[in-house]
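# build the 3D model from these lines:
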Amino acid sequence: MEAILIALGVLLVGAVFVIVTLKNFIYRCPPNQVLIFSGKRSGPRLTKGGIGYRVPLLEQVDMLDLSNMIIDLHVGNAYAKGGVPVNVHGVANVKIAGHEPVLNNAIERFLGKGRAEIVGVAKATLEG
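Coordinates of the predicted model:
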């Protein structure tokens with residue numbers, strides 16, 4: 001009887017270990033983010049708004065936020081047509097597109113950068 005209880009205990013501990021291990025390789029992605037699974041020879045896999053899994057030891061997972069970014073712009077001493085100096089103050093709503101060709105460009109430029117760095121690049125581009 002004791003041998004059966006020990007065997008059941010070992011099986012239970014093993015099952016918990018397997019479940020916890022598998023849970024560490026499953027990633028949930030909200031609709032306003034994209035997960036990039038990279039590291040394999042076939043190129044990165046994208047998961048947008050769903051569940052993805054990471055191949056242990058072969059892939060790493062990065063996240064890119066696709067939500068709206070509000071940028072406060074102020075350009076002083078800009079010259080309008082005719083050489084008239086103007087001061088411009090505005091607010092821009094910027095968002096990374098979620099469809100394939102544009103999303104791949106955004107991943108190439110912004111992967112590994114924080115939201116503040118992305119906002120800084122967008123603000124510099126708009127002010128230019």
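# buried ones in the longest strand anywhere in the chain?
If you go by DSSP state E, the chain has its longest strand at strand 26-38. For strand 26-38, burial by neighbour count (16 or more other C-beta atoms under 10 Å) applies to 29, 33-37. Where you see a C-beta, it was placed from the backbone N, CA and C, and this is true even at glycine.
# now these as CSV including distance to L22 and pLDDT?
Formatted as CSV, the buried residues of strand 26-38 follow (distance: C-beta to C-beta, whole Å; pLDDT from 0 to 100):
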residue, distance to L22, pLDDT
C29, 17, 91
Q33, 22, 91
V34, 23, 92
L35, 17, 93
I36, 21, 91
F37, 16, 91
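# dump these into CSV; add distance to A122 as well.
Below are the buried residues of strand 26-38 laid out as CSV (distance: C-beta to C-beta, whole Å):
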residue, distance to A122
C29, 23
Q33, 18
V34, 17
L35, 22
I36, 20
F37, 26
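# alright, that wraps it up for me.
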